[in-house]
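[1] Pasting a predicted model and its sequence here:
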Amino acid sequence: QISFNVIEMSCKLVVALLFCFVGAASARFWRDEKLAMMEESQLEDDCPRIHRVVDLEKTPHPSFLPPSANIIAPLKFESGACPPGCKPKEIDGLQVIYVVGEKVFIENIPLIVTGCVRV
């Protein structure tokens, strides 16, 4: 009976040590992942997106539309921009409604800078 208890306790000790080892390895893995994500986010933080509003009523005719287009909507939108040394990471589309002659057009044009990265 004593040898059975010794074997049982030894097995429990081995299992406990195994759980500790796996737990430590897992914690190290997640710590490394967290550090990598923090470094990546710091790189992105070096290029913060700049708030920029475009007012199409006060600007020259936009180059992304035909010269004879009359814009219906939006006349004002927040496009965003990137600081010097950075470029757009992501650009979302903006739905623009305009008229050419008697035809109405609705186009999704990539105009909204949603994030920047260092060049």
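    On my side now, so go ahead. Numbering: from 1, shown residues only.

[2] Find the residue closest to Leu111 in space, skipping its chain neighbours.
    Leu94 (4.4 Å; CB to CB, 6 or more residues apart in numbering). Just so you know, the C-beta spots here come from the backbone N, C-alpha and C atoms, and that holds for glycine as well.

[3] same question but for Val117, I mixed them up
    Going by CB to CB, 6+ apart, Val117 has Lys89 as its nearest residue, at 4.4 Å.

[4] again, but for Pro110
    Ile91 (4.6 Å).

[5] can you check Gly101 too?
    In space, Gly101 is closest to Ser68, 7.3 Å off (CB to CB, 6+ apart).

[6] Confirm that the one you found sits in a strand.
    No: using DSSP: H, G, I helix; E, B strand; the rest coil, the assignment for Ser68 is coil, not a strand.

[7] Tell me how far it lies from Ser10.
    Spatial separation of Ser68 from Ser10 under the definition CB to CB, to the nearest Å is 87 Å.

[8] what does Pro60 give?
    Per CB to CB, Pro60 is found 82 Å from Ser10.

[9] of these two, who's got more company?
    Ser10 (10 against 6; other CB atoms under 10 Å).

[10] Look at the more buried one and report its pLDDT.
    At Ser10, the pLDDT value in this model is 70.

[11] Can you give me the neighbour number for the residue nearest to Leu111?
    What Leu94 shows, counting by other CB under 10 Å, is a neighbour count of 17.
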